[in-house]
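A.B. asks: Build me a structure from this.
(chains A and B)
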Amino acid sequence: IAGITQAPTSQILAAGRRMTLRCTQDMRHNAMYWYRQDLGLGLRLIHYSNTAGTTGKGEVPDGYSVSRANTDDFPLTLASAVPSQTSVYFCASSESENQPQHFGDGTRLSIL
Amino acid sequence: GQNIDQPTEMTATEGAIVQINCTYQTSGFNGLFWYQQHAGEAPTFLSYNVLDGLEEKGRFSSFLSRSKGYSYLLLKELQMKDSASYLCAVRDRDYKLSFGAGTTVTVRA
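C.D. replies: Predicted structure coming up:
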């Protein structure tokens, strides 16, 4: 079934550790996005990529990095995790930047 | 930037109609989206408005007034499966989405 796959589904991580959240889509969508969702705050954009080879910063980029080496994959890395990064992380993609976004099932991350 | 407001919670009876309002302030409006999110699941796209007026899609309709910075999502003939959070999102000139905190709708029998 075509769509967006995120891994892991959930993770508990010690503060200070490095972590990469994976996101893969098989719809050949050009644009991809990473959001975090926190209670009472809604979804907030971390980083985005309008096409392979380019990335940009969203509303809350500090502490996170991304890469877009190809169309399908858009990993999100936490270089040194802190407890405030405990959240649900959603990856999304769209055919182009002006089309509706489609979301993966999310990664629930707890930093202790 | 964007400032998006929507009610936190709403409750309605099965078969009834519910209207979820969303107001926004933006430096560059380029469309408004509604998403549905069931607890523990991914948001799913419901509707999109870029021009003023009503867009109808089956039991769901969405309205936009750009001059008032206002939109609503109308859910008709409510079913139990419509219990979910409904997210209002505003797109800016750079095609980036800003989301409201969401409205949790509970449908009661």
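
A.B. asks: For the lowest-mean-pLDDT helix or strand in chain B, name the packing helices and strands.
C.D. replies: Every helix and strand of chain B was ranked by mean pLDDT, DSSP states H and E. The lowest is strand B:2-5, at a mean of 87. Using 3 or more C-beta pairs under 8 Å, 6 or more residues apart in numbering or on different chains; DSSP states H and E, the elements in contact with strand B:2-5 are strand B:18-26, strand B:84-91, strand B:97-99. For glycine as for every other residue, the C-beta is placed from the backbone atoms N, C-alpha and C.

A.B. asks: Any idea which of those strands gets closest to chain A?
C.D. replies: Closest to chain A of the helices and strands packed on strand B:2-5, according to C-beta to the nearest C-beta: strand B:97-99, at 4.2 Å.

A.B. asks: Check which element follows that closest one along the chain.
C.D. replies: strand B:103-108 (DSSP states H and E).

A.B. asks: what mean pLDDT does that next one have?
C.D. replies: Strand B:103-108 shows a mean pLDDT of 98.

A.B. asks: Just the buried residues of it, please?
C.D. replies: Within strand B:103-108, the residues scored as buried using 16 or more other C-beta atoms under 10 Å in any protein chain shown are B:Thr103, B:Thr104, B:Val105, B:Val107.

A.B. asks: residues from chain B in reach of chain A?
C.D. replies: B:4, B:33, B:41-45, B:48, B:87, B:89, B:95-102 (C-beta under 8 Å from any C-beta of the partner chain).

A.B. asks: Count the residues that sit near the spatially closest residue to B:Leu51 that is not a sequence neighbour.
C.D. replies: Counting by C-beta to C-beta, 6 or more residues apart in numbering or on different chains, B:Leu64 is the residue found nearest to B:Leu51 once chain neighbours are left out, at 7.1 Å. The number of residues packed near B:Leu64 is 22, by other C-beta atoms under 10 Å in any protein chain shown.

A.B. asks: Sheet partners, orientation included, of the helix or strand where B:Leu64 lies?
C.D. replies: B:Leu64 belongs to strand B:60-65 when assigned by DSSP H and E. Looking at strand B:60-65 with DSSP bridges, its partner strands are strand B:53-57 (antiparallel), strand B:70-75 (antiparallel).

A.B. asks: Alpha carbons only: can I get that strand in CSV?
C.D. replies: Output of strand B:60-65 as CSV, limited to C-alpha atoms (Å, rounded to 0.1, in the frame of the first residue of the first chain):
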residue,chain,number,x,y,z
PHE,B,60,-18.5,17.8,5.5
SER,B,61,-18.5,21.4,4.3
SER,B,62,-15.9,24.1,4.8
PHE,B,63,-16.5,27.9,4.5
LEU,B,64,-14.0,30.7,4.2
SER,B,65,-14.2,34.5,4.5
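
A.B. asks: ok so, going back, which residues does the residue nearest to B:Leu51 contact?
C.D. replies: B:Leu32, B:Asn49, B:Val50, B:Leu51, B:Asp52, B:Gly53, B:Glu55, B:Tyr70, B:Ser71 (C-beta atoms under 8 Å, 6 or more residues apart in numbering or on different chains).

A.B. asks: for B:Ile20, same thing?
C.D. replies: By C-beta under 8 Å, 6+ apart, the contact set of B:Ile20 is B:Gln6, B:Pro7, B:Met10, B:Tyr72, B:Leu73, B:Leu74, B:Leu75, B:Tyr86, B:Cys88, B:Thr103, B:Val105.
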